[in-house]
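>>> Kindly return the folded structure for what I paste below:
(one chain, ligands or ions: 1)
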Amino acid sequence: MLQKFDLSTPRENFYNITSQVREAVSASGVKDGIAVVFCPHTTAGITINENADPDVVHDMLLGLAKAYPDRPEFRHGEGNSAAHLKATAVGSSATVIIEGGRLLLGTWQSIWFCEFDPPRKRAFSVKVIGD
Ligand code: ZN
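All right, here's what the predicted structure looks like:
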């Protein structure tokens, strides 16, 4: 089963999409399997990381900005090469195991849509596979 979700991203940030993924798993009726969360954009991505302390997202954004700054040598005409680099660094998808109808996430983990090129109208898909 495939489900698509839309979201607006007013600023560069990580947006918690765990509840939408749980919704997709529940709607699928799958009890044991996997959920693949996929982002079809080139300047946004998907990652799994901590949800408890909001400073973790702050620090990840800061670290990515330090690792991938804008550079005058960049040639891409749209002028958002740093966003492309960050999107590649976090990746376009995440796979989560489903056990007993529940996502097998750790206590502190959430699934994040990572926006690096705001503001945008975005989408992501969740494919649930299993019995
Ligand atoms: Zn671009």
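
>>> Residues of this structure that sit close to the ion?
Residues of the chain lying close to the ion by Cβ under 5 Å from the ion are Glu78, Asn80. C-betas here are computed from N, CA, C, even on glycine.

>>> can you tell me which strand in the protein is longest?
If you go by DSSP state E, the chain has its longest strand at strand 120-130.

>>> Partner strands of it, with direction?
Paired with strand 120-130 in the same sheet, following DSSP bridges, are strand 2-9 (antiparallel), strand 32-38 (antiparallel).

>>> Run through who's touching the last one.
Residues from elsewhere that reach strand 32-38, judged by Cβ atoms under 8 Å, 6 or more residues apart in numbering: 17, 21, 24-25, 46, 92-100, 103, 111, 124-131.

>>> Give the buried residues for the helix or strand just after that strand.
Where DSSP states H and E defines the elements, the next helix or strand beyond strand 32-38 is strand 44-50. Residues of strand 44-50 classed as buried: Ala44, Gly45, Ile46, Thr47, Ile48, Glu50 (neighbour count, 16 or more other Cβ atoms under 10 Å).

>>> Perfect, I'm done here.
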